[in-house]
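K.L.:
Based on what follows, work out the 3D shape:
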Amino acid sequence: MSLTLVCKQYKFIALKQQVGTPFEFSTSRALSSLSLPSHMATNITINCLSTAEEAYFQAVTKIFTNCHSITVNFNGLLSWKLTRKICRTIVKTGLYLHVLNSSNPTKVAKFLHKAVEKYKKQHEDYVEKQGKSVKRKRPEEDFIMLKIPRNTDNRRDFLLKHLLSLSTLSNLDANFTSFARITNITSYKEAKSNILFFTSGTEEIITHAERFVNCIVTFEAFSLLVTSYDIFYHNNRFEDDCAHSLDSIFQVPTAKVTRKTYTNKAFTEISIFIGHYEFLVVSGFLNRNGTLMPFLGSSMHKFNLREEVSTRIDVPTTASPNVRTIRLLSQFVKRRSHELWGIHCLRSYLQGFYPISAVSFSNHLSQKHKQINNQHFTSQVLHLISNELVIKTQHLTSLWSLLQRMAIFKKMTKNAGTTPTNFSQLSQHLRQENEKSAFASINRLLASIEGKVPCFFLSMYTEAEAKKVALGIMEGGLREKINKQHDQILESAKKQL
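P.N.:
Sure thing, here's the model as predicted:
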């Protein structure tokens, strides 16, 4: 972009802000596509689509650093639970939030009033505490002894040179130097234990878990830069029914390379364990013999790693900006499957280097400019049936509208005398055509739901049957498509190294 064009964009946006015209965009727009001048906007309006996620608004609050007012138009599409999460994400940053067209305006107004008062009180307490003199006791090993010249001028030059030496890459470990090319992080410290990992639930622990974003794990034969990981809370089925029971509890952060077998398939995973928590590594870069190799997904089988354990885990001195999404799971028909317990480095997220969740395929950055395809539709169906919310008529109407814009719809209905207008009619036509494809099976599923809405998916099937249906959707081509897209993202990441 030329300097003249940049200046024009800055001037255009500045003039709009002066007259109170907000910078407007929708959640379908990738934040990475926004030009740098737009980041100076002080007043923005966001049109919220039905596919919006809390993570998107977390990224907005971190990108628009000059913004002091955000207007969110919910268009009456989102559930109260998600609306509340989005509002809380914005309000706790201190920004003024104005809500339009929410599904429950009275409830939103009451929540905003309480949230503003709560975070205002927390800020006042924080400011008050900052004014007090607090001395912290530190162990002697936290300090080093320096011999400083007596002469004031010499002392100043000595200290400047010492500070410069601490900030140069030449004094860092070889692993840190290699990974600094990706993260621009040059200051790390050893990861230590925290009593909260043994006593707190997942929501309370998120803030402490975020410090492992861009952490470096060093094993004997290789090292690992972790840019994304999924949080699992073990030994508590009520808090997290997607996790299992741990055989042992680690008192200090411990990384493990583990070989596992599931349905006769062997794979390797790397996790960081501390207390009752597991941070399953799902994206990052592996450094072996000086060669950096990016990876996506939890399976590390292609690297042919042996099982080993390491406690050498270094975390950034300053926590890295991050976003939260749904975890990578094979089975989404579980109570906690849609929790935002997947943590991603913001820098990598905005570049599209993060794994694709099966229930939000079309929302991934790599799909933003691609034509709607079968697997995007399948992903939306899986999201609908695995969500704990009640399935309503408007949900099926949205899916039907999506299907009508796809090429497969014309292909399936070309021999129909009358164009179907809902899933039940389309299912009847496909039955007459003796269509037995995976896509036809999904349509029959939607037709059966269509006749019973409003309803819960688990009210139509037993839990075992529902899980079998969801797994069938995953294995009907969705998982394969995601793996192929991961390969394309990895090829792009290798070229940028």
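K.L.:
Ser366 versus Ala493, what's the distance?
P.N.:
11 Å (C-beta to C-beta, to the nearest Å). No exception for glycine: its C-beta is placed from N, CA and C like everyone else's.
K.L.:
Looking at those two, which is more packed in?
P.N.:
Ala493 (21 against 17; other C-beta atoms under 10 Å).
K.L.:
list the contacts for the most centrally placed residue in the chain?
P.N.:
Central residue of the chain (C-alpha atoms, centre = their mean): Thr325, 3.0 Å from the mean position. If you count contacts by C-beta atoms under 8 Å, 6 or more residues apart in numbering, Thr325 has them with Glu53, Ala55, Leu340, Gly342, His344, Tyr354, Ser357, Ser360.
K.L.:
rerun at 6 Å
P.N.:
Applying C-beta atoms under 6 Å, 6 or more residues apart in numbering to Thr325 gives the contacts Ala55, Gly342.
K.L.:
you'd agree Ala109 is in a helix?
P.N.:
Yes: with DSSP: H, G, I helix; E, B strand; the rest coil as the criterion, Ala109 is part of a helix.
K.L.:
That one - nearest residue in space that isn't next to it in sequence?
P.N.:
Leaving aside its chain neighbours, Ala109 sits nearest to Val99 (8.0 Å; criterion: C-beta to C-beta, 6 or more residues apart in numbering).
K.L.:
which SS state does that neighbour fall under?
P.N.:
Applying three-state DSSP: Val99 is strand.
K.L.:
same deal with Ile44?
P.N.:
Three-state call for Ile44 (three-state DSSP): strand.
K.L.:
one step back: who does the residue nearest to the centre of the chain form a beta bridge with?
P.N.:
Gly342 (DSSP bridges).
K.L.:
Start at 761, not 1
P.N.:
With the count now opening at 761, the last piece we talked about shows up as Thr1085.
K.L.:
Tell me the confidence at it?
P.N.:
Thr1085 is assigned 95 on the pLDDT scale.
K.L.:
Now do the SS call for the residue nearest to Ile1086 when sequence neighbours are not counted.
P.N.:
Spatial nearest neighbour of Ile1086, chain neighbours left out: Ser1117 (4.8 Å); criterion: C-beta to C-beta, 6+ apart. The local conformation at Ser1117, judged by three-state DSSP, is coil.
K.L.:
now the helices for the stretch 1111-1257 of the chain?
P.N.:
Ranges of helices within the stretch 1111-1257 of the chain are 1134-1146, 1153-1164, 1167-1173, 1183-1192, 1198-1210, 1223-1233, 1239-1256, based on DSSP state H, counting those that start in this stretch.
K.L.:
out of those, nearest to Met1053?
P.N.:
helix 1239-1256 (7.9 Å; C-beta to C-beta).
K.L.:
pull the CA atoms of that closest one into CSV?
P.N.:
What follows is helix 1239-1256, C-alpha atoms only, in CSV (Å, rounded to 0.1, in the frame of the first residue of the first chain):
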residue,chain,number,x,y,z
ARG,A,1239,-12.8,-35.1,9.2
GLU,A,1240,-11.0,-35.9,5.9
LYS,A,1241,-11.8,-32.4,4.5
ILE,A,1242,-10.4,-30.7,7.7
ASN,A,1243,-7.2,-32.8,7.5
LYS,A,1244,-6.7,-31.7,3.9
GLN,A,1245,-7.2,-28.1,4.9
HIS,A,1246,-4.7,-28.5,7.7
ASP,A,1247,-2.1,-29.7,5.1
GLN,A,1248,-2.7,-26.6,3.0
ILE,A,1249,-2.2,-24.3,6.1
LEU,A,1250,1.0,-26.2,7.0
GLU,A,1251,2.4,-25.8,3.5
SER,A,1252,1.7,-22.0,3.7
ALA,A,1253,3.3,-21.9,7.2
LYS,A,1254,6.5,-23.7,5.9
LYS,A,1255,6.9,-21.1,3.2
GLN,A,1256,6.8,-18.3,5.7
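K.L.:
List the buried residues of that helix.
P.N.:
Buried positions in helix 1239-1256, judged by neighbour count with 16 or more other C-beta atoms under 10 Å: Lys1241, Ile1242, Gln1245, His1246, Ile1249, Leu1250, Ala1253.
K.L.:
That one - contacts with which helices or strands?
P.N.:
strand 1051-1056 (3 or more C-beta pairs under 6 Å, 6 or more residues apart in numbering; DSSP states H and E).
K.L.:
Give the partner strands of the strand it packs on in its sheet and their orientations.
P.N.:
According to DSSP bridges, strand 1051-1056 has these partners: strand 1037-1048 (antiparallel).
K.L.:
how far does the strand it pairs with sit from the chain's center?
P.N.:
Strand 1037-1048 sits 15 Å away from the centroid of its parent chain (C-alpha atoms, centre = their mean, to the nearest Å).
K.L.:
burial count for Gly1236?
P.N.:
19.
K.L.:
Kindly report the same for Asn826.
P.N.:
Around Asn826 there are 11 other residues, counting by other C-beta under 10 Å.
K.L.:
for the one 5 residues further on, same thing?
P.N.:
Close neighbours of Thr831, defined as other C-beta under 10 Å, add up to 16.
K.L.:
Now do it, the pLDDT please.
P.N.:
On the pLDDT scale, Thr831 gets 89.
K.L.:
OK, contacts around it?
P.N.:
By C-beta under 6 Å, 6+ apart, the contact list for Thr831 reads Thr805, His858.
K.L.:
switch to 7 Å and redo it
P.N.:
Contact analysis of Thr831 by C-beta atoms under 7 Å, 6 or more residues apart in numbering lists Pro782, Thr805, His858, Leu860.
K.L.:
Need the buried ones from those residues selected in ChimeraX.
P.N.:
Paste this into ChimeraX to select the buried members of these, with burial taken from 16+ other C-beta under 10 Å:
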select :782,805
